[in-house]
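Trainee: Model the structure of this input:
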Amino acid sequence: MRIVFMGTPDFAVPSLAALAGAGHEIAAVVTQPDKQKGRGKAVQMTPVKAWALDHGIPVYQPVKVRDPEFVKLLQGIAPQVIVVAAFGQILSKEILTLPPYGCVNIHASLLPKYRGAAPIQWAILQGEKETGITTMQMNEGLDTGDMLEKCVIPIAPDETGGSLHDKLSQAGGPLILSTLKGLAEGTIHPVPQGESGTCYAKMLTKSLGDIDWSAPAEEIERLIRGLNPWPSAYTHWNGRTLKLWAGEALSGEGGAAPCSAEAAGGEPKPGQVVRALKPGQVVRADKDCLAVMTGGGLLRIKELQLEGKKRMDAAAFLRGCPVKAGDVFCKKESE
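Mentor: All right, here's what the predicted structure looks like:
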């Protein structure tokens, strides 16, 4: 097929590469304008633009894809289908109806669940056991178009936002190839989403990572994984920010559970565990374990990072940082 591909971040690159590798004609790539990034504010091209230029594909970066002049340009290119993957702009009805096969979106969830900007992370935050990729015939709504095909991906117990992103990104390529083949052969029958089971995956913000220790340990552990690597989960201790990179929810009543049978060597020793703690209070801080009380159970912190320092495991962290049992971790506004 003659394709215009619209996408911007790393997530979209494997799908673009799969289309080109399968022999489809990529007539043009449309991506977001380049932005300044990093401390030096150097202008960086988008990952999709970089891949397209490396492969000799024309690239367009309209500030507004709805602009009449750009729509006219698309009409001149005359694509048979427009494939969209994490592009970042809303398409007008004029664009949606331009190609004979319409605009097909590669969405990182099992629609109708997790429509919106951050479906990968929210699937982890909400404790889903599986997610996937859905190809969808786009309409004027936000991820509301008819579903074409799906690919299911299990969510591992230790899955992070980053690892799940990579799995779903790689799954997008084979699925879009299958979808375009089915559309061309007339073997795919679009299925309306309906509204049953829908939920919106709102955009991630840095403030989302500020841990509320009154939440259950399982919920906080999912927050840590889901927001890894960005925007990351964090807390505050003695006026300093601690990023948490890995944790484990522990069972036990009243904060009396050790970090693990192996780490604790059986029952906790006197002085290692403090009972009747408030959420956010450190239960244990020694070479074997860093555990914090939550609103439901204990959270063992396995990997963390003090502001201005390197990321490290809890044992290495505690060798150089005087966190002790009874200290309190808290949200910024409660310091």
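Trainee: Partner strands of the top strand by length along the chain, with direction?
Mentor: Longest strand in the chain by number of residues, with DSSP state E as the criterion: strand 240-250. Strand 240-250 has the following strand partners under DSSP bridges: strand 233-237 (antiparallel), strand 298-306 (antiparallel).
Trainee: and the next element down the chain from the longest one?
Mentor: Where DSSP states H and E defines the elements, the next helix or strand beyond strand 298-306 is strand 312-313.
Trainee: rewinding a little: CSV for the strands paired with strand 240-250, including distance to R66, mean pLDDT and mean neighbour count?
Mentor: For glycine as for every other residue, the C-beta is placed from the backbone atoms N, C-alpha and C. Formatted as CSV, the entries for the strands paired with strand 240-250 read as follows, by distance: least, CB to CB, whole Å; pLDDT from 0 to 100; neighbours: other CB atoms under 10 Å:
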stretch, distance to R66, mean pLDDT, mean neighbour count
strand 233-237, 37, 98, 21
strand 298-306, 42, 98, 22
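Trainee: Tell me how far the longest strand of the chain lies from the chain's centre.
Mentor: 18 Å (CA atoms, centre = their mean, to the nearest Å).
Trainee: Now that strand: average pLDDT?
Mentor: Model confidence over strand 240-250 averages 97 on the pLDDT scale.
Trainee: out of the strands paired with strand 240-250, nearest to K206?
Mentor: For K206, the closest of the strands paired with strand 240-250 is strand 233-237, at 8.6 Å, according to CB to CB.
Trainee: How far does that closest one sit from its chain's centre?
Mentor: A distance of 20 Å separates the C-alpha centroid of strand 233-237 from that of its chain, computed with CA atoms, centre = their mean.
Trainee: Return the alpha-carbon coordinates of it using PDB.
Mentor: Coordinates of each C-alpha in strand 233-237 appear next as PDB, following Å, rounded to 0.1, in the frame of the first residue of the first chain:
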ATOM      1  CA  ALA A 233       7.700   7.600  42.000                       C
ATOM      2  CA  TYR A 234       9.200   9.600  44.800                       C
ATOM      3  CA  THR A 235       8.900  10.700  48.500                       C
ATOM      4  CA  HIS A 236      10.500  13.100  50.800                       C
ATOM      5  CA  TRP A 237      12.800  12.600  53.800                       C
END
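Trainee: Who does V30 form a beta bridge with?
Mentor: For V30, the residues forming beta bridges with it (DSSP bridges) are M6, Y60.
Trainee: Would you agree it is in contact with V4?
Mentor: Yes. Taking CB atoms under 8 Å as the definition, V30 is a contact partner of V4 at 6.4 Å.
Trainee: neighbour-wise, which of these two wins?
Mentor: For V30 against V4, the residue with the higher neighbour count under other CB atoms under 10 Å is V30, and the figures read 27 against 24.
Trainee: and the closest residue to R115 other than its chain neighbours, how many residues sit next to it?
Mentor: The shortest distance from R115 to any non-neighbouring residue, by CB to CB, 6 or more residues apart in numbering, is to D143 (3.7 Å). D143 is surrounded by 22 other residues when neighbours are defined as other CB under 10 Å.
Trainee: Please tell me how far D143 sits from P14.
Mentor: Going from D143 to P14 by CB to CB, to the nearest Å gives 20 Å.
Trainee: ok, now M136?
Mentor: M136 sits 18 Å away from P14 when distances are taken as CB to CB.
Trainee: where exactly do the helices run in the stretch 101-250 of the chain?
Mentor: 119-125, 161-185, 217-226 (DSSP state H, counting those that start in this stretch).
Trainee: now the angle between helix 161-185 and the last one, please.
Mentor: For helix 217-226 against helix 161-185, the angle between stretch directions is 70 degrees (axes from the mean of the first three to the mean of the last three CA atoms, to 10 degrees).
Trainee: Helix 217-226 packs against which elements?
Mentor: Secondary structure elements in contact with helix 217-226, counted by 3 or more CB pairs under 8 Å, 6 or more residues apart in numbering; DSSP states H and E, are helix 119-125, strand 233-237, strand 240-250, strand 298-306.
Trainee: so can I have TSV of those showing distance to H55?
Mentor: Written out in TSV, the entries for these read as follows (distance: least, CB to CB, whole Å):
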stretch	distance to H55
helix 119-125	26
strand 233-237	38
strand 240-250	35
strand 298-306	38
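Trainee: Among those, which comes closest to D313?
Mentor: Nearest to D313, of all the helices and strands packed on helix 217-226, is strand 298-306, at 5.4 Å by CB to CB.
Trainee: contacting residues around that closest one?
Mentor: Applying CB atoms under 8 Å, 6 or more residues apart in numbering, the external contacts of strand 298-306 come out as 217, 220-221, 240-250, 252, 255, 257, 259-260, 283, 289-292, 311-314, 317, 321.
Trainee: Ok, stretch 72-84 next?
Mentor: When contacts are defined by CB under 8 Å, 6+ apart, stretch 72-84 is touched by residues 1-7, 15, 19, 27-28, 60, 91, 95, 98-106, 138, 176, 180, 183.
Trainee: cool, and stretch 323-333?
Mentor: So stretch 323-333 is in contact with 210-213, 235-238, 242, 271-274, 278, 280-285, 290, 292, 317, going by CB under 8 Å, 6+ apart.
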